[in-house]
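Asks: Compute the structure for the input listed below.
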Amino acid sequence: MRRSAENKLRVVAVRIDPVIEQRLRVLAEATGRKQSFFLQRIIEEGIDAMEEIWLSPDTLAKVRNGDLPELLAGHRTTSDLFDLEANADS
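Replies: Predicted coordinates:
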């Protein structure tokens, strides 16, 4: 399947504990798959649970109905990639 500009995969950078990174590396090497394959699967299979925990019922309903552009219009998308660590200390 060819990817168009609309459905092109995006790159996201995250910081993870070295022990988790090592486990991910072992899993990838043992199976012959890339780490990114497993990270994508983890995210895809876990995002529903995270949304249910962290989003209000109204926001969750909008997300599940595909109303993402409206929700994201006022939010920063990339400038705060590593602000989570700094904000957690606040």
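Asks: For whatever helix or strand residue 27 lives in, which residues meet the burial criterion?
Replies: Here residue 27, judged by DSSP states H and E, is contained in helix 18-31. By neighbour count on 16 or more other C-beta atoms under 10 Å, the buried set for helix 18-31 is 24, 28. C-beta here means a position set from N, CA and C on the backbone, and glycine is covered the same way.
Asks: Do me a favour and average the pLDDT over the following helix or strand past it.
Replies: The helix or strand immediately downstream of helix 18-31 is helix 35-54, counting by DSSP H and E. In this model, helix 35-54 has an average pLDDT of 95.
Asks: ok and helix 35-54 relative to helix 18-31, angle-wise?
Replies: Counting by axes from the mean of the first three to the mean of the last three C-alpha atoms, to 10 degrees, helix 35-54 points 130 degrees away from the direction of helix 18-31.
Asks: what comes up buried for helix 35-54?
Replies: For helix 35-54, using 16+ other C-beta under 10 Å, the buried residues are residue 38.
Asks: what's that helix packed up against?
Replies: helix 18-31, helix 57-64 (3 or more C-beta pairs under 8 Å, 6 or more residues apart in numbering; DSSP states H and E).
Asks: could these go into TSV alongside mean pLDDT and distance to residue 46?
Replies: Shown next, in TSV, are those (pLDDT from 0 to 100; distance: least, C-beta to C-beta, whole Å):
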stretch	mean pLDDT	distance to residue 46
helix 18-31	97	14
helix 57-64	91	15
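Asks: Cheers, nothing more for now.
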